[in-house]
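Asks: Turn this into a model:
(2 chains)
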Amino acid sequence: GAVVSQHPSWVICKSGTSVKIECRSLDFQATTMFWYRQFPKQSLMLMATSNEGSKATYEQGVEKDKFLINHASLTLSTLTVTSAHPEDSSFYICSANGANYGYTFGSGTRLTVV
Amino acid sequence: SQQGEEDPQALSIQEGENATMNCSYKTSINNLQWYRQNSGRGLVHLILIRSNEREKHSGRLRVTLDTSKKSSSLLITASRAADTASYFCATDGGGAQKLVFGQGTRLTINP
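Replies: As a prediction, the model looks like this:
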């Protein structure tokens, strides 16, 4: 079956630094990838949709300059949280959508900003 | 953005009982999916029901879809302690190629 690998699974960083999260589709080509954020005891909120080779489409209220998304290939998308602050601490989950695989989710990254 | 509401927000039942969760959505859909999430972990896909289907079964799971009411329900029969998790519905459609999640139901199965 389709597998999406997300790294790291957890990261702790200092306030003001940047953190990069990778999302890879291992055995299929993902034309579209999605990034979600989930705060404790809440649902998944879609942050942005990225298509390979083009700029990401951000949901309303999501700062595109703070959450940089790069989808350089059909198997890799990255989310960089720039100048992270404690309020950015959250669970970030990616999802990849391939032609024959539907939506496949990564295992998530728990970001803690101290 | 959230697609809609799920109810109840939290449900606590005894092992062996059936658990029913409901989901409502706002836009037209291509399909509706249910996912399970254990605390602090990723999502597990449970079942997908297409907009032209009314009911679907998978093991102990039964999903219904009423497009006229824009609602769906997930029934878990003969619940087990391992079913303790959060359950989310997610919709795909309405012209947008993206999956949007409901608020979720936190299910607790008491042994």
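
Asks: How about the contacts made by residue 68?
Replies: Because you didn't say which chain, this covers chain A. Taking C-beta atoms under 8 Å, 6 or more residues apart in numbering or on different chains as the criterion, A:L68 is in contact with A:L79, A:T80, A:T82. To be clear about C-beta, it is placed using only N, CA and C from the backbone, and glycine gets the same treatment.

Asks: wait, chain B
Replies: Applying C-beta under 8 Å, 6+ apart, one finds that B:S68 lies in contact with no residue.

Asks: and it, how far is that from A:F105?
Replies: According to C-beta to C-beta, to the nearest Å, B:S68 stands 30 Å off from A:F105.

Asks: With B:I76 instead?
Replies: 21 Å.

Asks: now B:S71
Replies: In this view, B:S71 and A:F105 are 24 Å apart by C-beta to C-beta.

Asks: Which of the two has more residues huddled nearby?
Replies: A:F105 (23 against 17; other C-beta atoms under 10 Å in any protein chain shown).

Asks: For the more buried one, list each beta-bridge partner.
Replies: For A:F105, the beta-bridge partners are A:S95 (DSSP bridges).

Asks: Hmm, it is touching B:R41, no?
Replies: No - using C-beta atoms under 8 Å, A:F105 makes no contact with B:R41, being 10.5 Å away.

Asks: Could you give the number of residues near B:N18?
Replies: The number of residues packed near B:N18 is 12, by other C-beta under 10 Å.

Asks: interface residues of chain B facing chain A?
Replies: Selection of chain B residues close to chain A by C-beta under 8 Å from any C-beta of the partner chain yields B:1-2, B:33, B:40-43, B:45, B:48, B:88, B:90, B:92, B:97-104, B:106.

Asks: Just the buried residues of those residues.
Replies: Burial by neighbour count, 16 or more other C-beta atoms under 10 Å in any protein chain shown: within the residues of chain B next to chain A this picks out B:2, B:33, B:41-43, B:48, B:88, B:90, B:92, B:98-104, B:106.

Asks: Okay, and which of those residues map to strands?
Replies: Of those, the ones assigned to strands by DSSP state E are B:Q33, B:L43, B:L48, B:F88, B:A90, B:D92, B:K98, B:L99, B:V100, B:F101, B:R106.

Asks: any idea how far the third one lies from B:C89?
Replies: Taken as C-beta to C-beta, the spacing of B:L48 relative to B:C89 amounts to 11 Å.
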